[in-house]
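1. got a sequence here, can you build the structure:
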Amino acid sequence: MARVDVKQLLEAGVHFGHLTRKWNPNMAPYIYMERNGIHVINLYKTVAKLDETNEALSKIAASGRKILFVATKKQAKDIVAEKAAKVNMPYITERWPGGMLTNFVTIRKAVKKMASIDRMKKDGTFLTLSKKERLQVDRLRAKLEKNLGSISEMTRLPGALFIVDTMREHIAVKEAQKLNIPIFAMVDTNCDPRDVDYLIPSNDDASKSIDIIMTEVTNAIAEGLAERKNEKGDAEGKSEKKEKATKKKEATEKPAAPKTEAKPEPVATKKAKVEADDLTKVEGIGPKAAEALVAAGIVTYADLSKGDAEKIKEILTEASSRMAHLDPTSWPKQAKMAADGKWDELKEWQDNTKGGVE
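-> The predicted structure follows:
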């Protein structure tokens, strides 16, 4: 992953904060100095936080979950729409529809309405309507396209949110917090960093600053998607090779059966210890929660399915007080479905529940 240079950030104006009288005291660790009544952001900390954010976003993208980009301010609209579209991720740039996450079922109905209008136009039923009705349907279609067109392919809740200006998008932040969805954001000196799981201290008002940060973030997501694609290809290739190898062994290794039986056993046990499941596929588990569980010895879906909700809660609160709000009651149930390979059933369950909370 190519690391952005401090000089590049400086040239893009990422270091400019807000007026000192508008600052949020919680941003003090990320402020370098004050000059002419304006706070200057410490770009070395920006680079460190950007690397941390990119790594987490890459993991989420590699797991197959969607990342929803939110930016409704003029300077960010076009940049975010362009960058998010390149990596095939959903985005909101017009207006945050209230209940977009907490009332996702209703939002999906509106998206389905848009799809039904498109079907009407294809099969010819649209032409059977009167002129007035056709105008009304066209206006409704245009309105839905403007507000929800970019999320038409998002069939379930996103794996994470990336926000430009958390003060402006405070409703999106609250909805994500309620559903335990990880929040990534560009945070200026007037914002509260405590609302965000992964922050990038930066100027969220200048288009150049937004462009350089968005470029780095989308590049990391693209790498995660490429990694996922390679893993799928490798898995298919390995399964074919294994089938061929087993057929050869059956034909050639019949007399040497006792020797071959003793050798593969320790290899299999070693692999079992090393290989870990992607726990972020369980609704409600973010990258940080997954790290805490792995550190506590809960590495696979099978381990998590046997876990007790209260003990899991203790592990999370010990790891970080910011994870104390997470509700792990449904995690063992989801992990059991994942361990049994019931992915369709798990997806259906996740679609019908809000943030993995029954």
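2. tell me if I'm right that Gly99 and Thr106 touch.
-> Yes. With contact taken as C-beta atoms under 8 Å, Gly99 and Thr106 are classed as touching, separated by 6.5 Å. For every residue, glycine as well, the C-beta is placed using N, CA and C.
3. by mean pLDDT, flag the weakest helix or strand of this protein.
-> Here the helix or strand of the chain ranked lowest by mean pLDDT, DSSP states H and E is helix 264-274, holding a mean of 45.
4. all strands of the stretch 51-200 of the chain, in order?
-> For the stretch 51-200 of the chain, applying DSSP state E, counting those that start in this stretch gives strands covering 67-70, 91-92, 160-164, 183-187, 198-201.
5. quick one, which of the ones you listed is nearest to Asn230?
-> Minimum separation from Asn230 across the strands of the stretch 51-200 of the chain (C-beta to C-beta) falls at strand 67-70, 19.4 Å.
6. how far does that closest one sit from the chain's center?
-> 8 Å (C-alpha atoms, centre = their mean, to the nearest Å).
7. also stretch 201-212?
-> 21 Å.
8. would you mark the buried spots in it?
-> Applying a neighbour-count criterion of 16 or more other C-beta atoms under 10 Å, the buried positions in stretch 201-212 are 201-206, 209-212.
9. repeat for stretch 213-228
-> For stretch 213-228, using 16+ other C-beta under 10 Å, the buried residues are 213-214, 216-225.
10. list just the nearest of these to Ile92.
-> Nearest member of the buried residues of stretch 213-228 to Ile92, counting by C-beta to C-beta, is Met214, at 14.5 Å.
11. thought that closest one was touching Val80?
-> Yes. Counting by C-beta under 8 Å, Val80 is a contact partner of Met214 at 6.3 Å.
12. low-confidence stretches in this structure?
-> Scanning the chain for pLDDT under 70 picks out the ranges 1-2, 235-237, 239-241, 247-274, 354-358.
13. how about CSV for the buried residues of stretch 213-228, with distance to Ala84 added?
-> What follows is the buried residues of stretch 213-228, written out as CSV (distance: C-beta to C-beta, whole Å):
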residue, distance to Ala84
Ile213, 13
Met214, 8
Glu216, 14
Val217, 10
Thr218, 7
Asn219, 13
Ala220, 13
Ile221, 9
Ala222, 11
Glu223, 16
Gly224, 14
Leu225, 13
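14. out of these, which two sit at the greatest distance?
-> Taking C-beta to C-beta, no two of these sit farther apart than Ile213 and Leu225, at 19.0 Å.
15. picking up where we left off before, which pair in the buried residues of stretch 201-212 has the greatest spatial separation?
-> Largest separation among those by C-beta to C-beta: Pro201 and Asp211, giving 16.9 Å.
16. so which of the buried residues of stretch 213-228 sit within helices?
-> For the buried residues of stretch 213-228, the ones inside helices are 213-214, 216-225, with DSSP state H as the criterion.
17. show me which of the residues you listed is closest to Lys86.
-> Thr218 (6.2 Å).
18. give the contact list for the nearest residue to the closest one once chain neighbours are set aside.
-> Leaving aside its sequence neighbours, Thr218 sits nearest to Lys83 (C-beta to C-beta, 6 or more residues apart in numbering; 4.5 Å). Lys83 is in contact with 69, 214-215, 217-218, counting by C-beta atoms under 8 Å, 6 or more residues apart in numbering.
19. quick one, helices of the stretch 251-358 of the chain?
-> For the stretch 251-358 of the chain, applying DSSP state H, counting those that start in this stretch gives helices covering 257-262, 264-274, 287-295, 301-306, 309-319, 331-339, 343-352.
20. contacts for the third one, please.
-> Translated: helix 287-295. Under C-beta under 8 Å, 6+ apart, the answer for helix 287-295 is 56, 59-60, 182, 197, 276, 278-280, 285, 299, 304, 312, 315-316, 319-320, 323, 326.
21. of the residues you listed, buried ones?
-> For the contacts of helix 287-295, a burial check counting by 16+ other C-beta under 10 Å picks out 56, 59-60, 182, 197, 278-280, 285, 299, 304, 312, 315-316, 319, 323, 326.
22. related to what we said a few turns ago, looking at the contacts of Lys83, which two lie furthest apart in space?
-> Greatest spacing in these, by C-beta to C-beta: Phe69 and Thr215 (13.0 Å).
23. for stretch 205-222, list the C-alpha coordinates in CSV.
-> Output in CSV follows, covering the C-alpha atoms of stretch 205-222 (Å, rounded to 0.1, in the frame of the first residue of the first chain):
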residue,chain,number,x,y,z
ASP,A,205,-13.7,22.0,3.7
ALA,A,206,-11.2,22.3,0.8
SER,A,207,-11.8,20.2,-2.3
LYS,A,208,-8.1,19.5,-2.8
SER,A,209,-7.8,18.1,0.7
ILE,A,210,-10.9,15.9,0.3
ASP,A,211,-9.6,14.7,-3.1
ILE,A,212,-6.2,13.5,-1.8
ILE,A,213,-7.8,11.7,1.2
MET,A,214,-10.5,10.1,-0.9
THR,A,215,-7.9,8.9,-3.4
GLU,A,216,-5.9,7.2,-0.7
VAL,A,217,-9.0,5.6,0.9
THR,A,218,-10.5,4.3,-2.4
ASN,A,219,-7.0,2.9,-3.4
ALA,A,220,-7.0,0.9,-0.2
ILE,A,221,-10.5,-0.4,-0.9
ALA,A,222,-9.5,-1.3,-4.4
